[in-house]
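Peer 1: Sequence first, predicted model second:
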Amino acid sequence: AMEKQSGKPADGAASISAQGVSGIKYLFILQLASRGFTFILNTIVAAHVETAVYGVANIQMQLLLNLILFLSREAFRRACMRSSLSSAQEIQKSVNVSWLSVPWGFLLSVLISWGFLWLSNTEELSVPGYMTSMWLIGLASAIEMLSEPAYILTQNLMLYRVRVSVEASAVLIRCICVYVCVTIFKMSLYAFALSQVAFALTILLGYYGYFFLYGTKASEKIKSFSQLFPALVSGVDSTLLGMVRTFLVQSLEKLVLQEGEKIVLRGVASLVNQGVFGVVNGLGSLVTRILFQPIEEGAYPMFNKLLHNQDEKAAKKKDDDRVSADEMSRIQEARSILVRLLRILTLLGLIIVSFGPNYSFVLLSLLYPKYSTTEAPAVLGWYCLYILLMGINGITEAFAHASADAKQLKRLNYIMIAQSVVFIGAAIILISALETVGMIFANCINMTIRIATSVWWINTYYHQRGVAASISLGEILPHKIVSGILAVSFVVTYVSSNFFCSFAVCAQEHGFSLQQQLMHISVGGALGLASLAACYLFEKELIVALIGRRRA
């Protein structure tokens, strides 16, 4: 049963941050459950379908789904997260704006699905059920868009438990549907498309079902279930509409940054290299989605609540540069949370960098043996560095976008256009020279530029408000002893990897013995325990602070 949660806007900085950190915990649980279900499902189902069908389901279908949903809802989500919850009328205005995403999503579902099929090649069209399945994905996207107003309201009220319950249930139903349709009914490609429709229906019924049953308990400002639907009498918030337009342009640019690598790979890389990148990206994305995505998704609304409340007040004080004690408290609280989250993400990323590259071959040998003798181990090793940079970029960009006003968001849009051009240019050059590893290098360059831009933006934001709060490297790096142990771990595991199961030896002997594998894993296990012990001893204050903030 879903627990009753308070939907009252947080009046103090501590209350908002406590809700936000608690939300990160629930989003982490959601990602862990959903990615765990999906990983197990993919492992089982891969043995029951042809390679072509599996490729279409995990690449073509996901690409189509992401194109439709991202362009349909990203701008509305970002804008409506800035809506005020001060009264029932303000909530209704936000709901009215969020409903505009539904017809927009319907239109994009048709246009993008049609365009996707029109651009499909002969090989793709020859897969049985390809066209029908793609149209079903478009239908599933349209159904899921119907739930968007309820989702946005859930996020605004910080009802994270509701989201976890609904989305985890939807993922479970999708996994069961795929398994049954593939293994029992032998439906091949149709199984993946129908399971996505089932997922969308569960999302739709879950969110509206919650507000139908518990809506008035979720917030004192929700008087009836009908408030989730458009009310022309209340009108719309023109400021939010302006934000939607701004974020829509930004979403197009973010889409280029997110999907640009696939476009470049398709145009420059061979099919073998595309396959290698797909395997590596699938493994690496498990880490980013389980560990980093919940933190970013929980931090963005938290920063919005902390920073925009004081920004709205500050805008009224054109001739007064001073800020009140409450506003200063919010500014400092936001910075404190940002620094601690960056420190956590940096620590997690450095642990991955210390151990990941030297165990990439072992992991691929266990999960995808045929890829272990390709360049995949080297690509996965460099991908570990990319994971570190993605974690830092996610939280710094969340703060930058949450703190910017409409005019500043336009400036960020121009910056993102320049970043997109640099990324695509670097990717084309580096892939041509270094093949798949070049794509990882291009991504790392792109992330480094984006991090630098966001940090500059954050420091400027605080400087303009009279707060000397530039973020220093020392604040986000782990304790020196922790960093030292991680550095030693990397060197020792590198030597262990070359001694017990170097790539050259393993390729020549067509594998490595169980004894070699266990010895190398034992070395990493011992150093891993030492690293965790060091984190507990020297980063305990950070962990306790985060736990205490959640319980506040």
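Peer 2: Yes, it's here.

Peer 1: what residue ranges in the stretch 301-450 of the chain score low on pLDDT?
Peer 2: 308-326, 370 (pLDDT under 70).

Peer 1: how about the helices in it?
Peer 2: 325-355, 360-367, 376-403, 406-434, 436-464 (DSSP state H, counting those that start in this stretch).

Peer 1: Out of these, which one sits most buried?
Peer 2: helix 376-403 (a mean of 23; mean count of other CB atoms under 10 Å). Quick note: C-beta positions are derived from backbone N, CA and C, even for glycine.

Peer 1: who does it touch, helix- and strand-wise?
Peer 2: Secondary-structure packing of helix 376-403 (3 or more CB pairs under 8 Å, 6 or more residues apart in numbering; DSSP states H and E): helix 271-287, helix 293-315, helix 325-355, helix 360-367, helix 406-434, helix 436-464.

Peer 1: Extract the CA atoms of the first one and return them as CSV.
Peer 2: Which is helix 271-287. The C-alpha trace of helix 271-287 is given here as CSV (Å, rounded to 0.1, in the frame of the first residue of the first chain):
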residue,chain,number,x,y,z
LEU,A,271,28.8,-2.7,-38.0
VAL,A,272,31.4,-4.6,-35.8
ASN,A,273,32.4,-1.4,-34.0
GLN,A,274,28.8,-0.5,-33.6
GLY,A,275,28.2,-3.9,-32.0
VAL,A,276,31.1,-3.4,-29.6
PHE,A,277,30.0,0.0,-28.6
GLY,A,278,26.4,-1.3,-28.0
VAL,A,279,27.7,-4.0,-25.6
VAL,A,280,30.0,-1.7,-23.7
ASN,A,281,27.4,1.1,-23.5
GLY,A,282,24.8,-1.4,-22.2
LEU,A,283,27.0,-2.5,-19.4
GLY,A,284,28.2,1.0,-18.6
SER,A,285,24.7,2.5,-18.6
LEU,A,286,23.7,0.1,-15.8
VAL,A,287,26.0,2.0,-13.5
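
Peer 1: export the helices and strands packed on helix 376-403 to TSV and tack on distance to Met61?
Peer 2: Shown next, in TSV, are the helices and strands packed on helix 376-403 (distance: least, CB to CB, whole Å):
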stretch	distance to Met61
helix 271-287	14
helix 293-315	20
helix 325-355	29
helix 360-367	22
helix 406-434	24
helix 436-464	22
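
Peer 1: Give me the distance between Leu430 and Pro230.
Peer 2: Taking CB to CB, to the nearest Å as the measure, Leu430 and Pro230 are separated by 48 Å.

Peer 1: picking up where we left off before, how about the helices of the stretch 301-450 of the chain in CSV, adding distance to Ser188?
Peer 2: Shown next, in CSV, are the helices of the stretch 301-450 of the chain (distance: least, CB to CB, whole Å):
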stretch, distance to Ser188
helix 325-355, 36
helix 360-367, 24
helix 376-403, 27
helix 406-434, 33
helix 436-464, 29
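
Peer 1: between those, which one is nearest to Val110?
Peer 2: Comparing these by their distance to Val110 (CB to CB), the top pick is helix 406-434, with 26.6 Å.

Peer 1: which secondary structure elements does that closest one contact?
Peer 2: For helix 406-434, the packing partners by 3+ CB pairs under 8 Å, 6+ apart are helix 238-268, helix 376-403, helix 436-464.

Peer 1: sorry, back to before: to Val287, which of the helices of the stretch 301-450 of the chain lies closest?
Peer 2: Shortest distance between Val287 and the helices of the stretch 301-450 of the chain, using CB to CB, is found for helix 376-403: 5.6 Å.

Peer 1: and the closest one with helix 360-367, angle?
Peer 2: Counting by axes from the mean of the first three to the mean of the last three CA atoms, to 10 degrees, helix 376-403 lies at 100 degrees to helix 360-367.

Peer 1: Quick one: residues contacting Leu201.
Peer 2: If you count contacts by CB atoms under 8 Å, 6 or more residues apart in numbering, Leu201 has them with Ile143.

Peer 1: what's the answer for Leu255, then?
Peer 2: 67, 70-71.

Peer 1: Among those, which are located in helices?
Peer 2: Using DSSP state H, the subset of those located in helices is 67, 70-71.

Peer 1: could you dump those residues to JSON lines with neighbour count, distance to Ala191 and pLDDT?
Peer 2: Output for the ones in helices among the contacts of Leu255, formatted as JSON lines (neighbours: other CB atoms under 10 Å; distance: CB to CB, whole Å; pLDDT from 0 to 100):
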{"residue": "Leu67", "neighbour count": "18", "distance to Ala191": "22", "pLDDT": "88"}
{"residue": "Phe70", "neighbour count": "17", "distance to Ala191": "24", "pLDDT": "90"}
{"residue": "Leu71", "neighbour count": "18", "distance to Ala191": "26", "pLDDT": "91"}
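
Peer 1: Cheers, nothing more for now.
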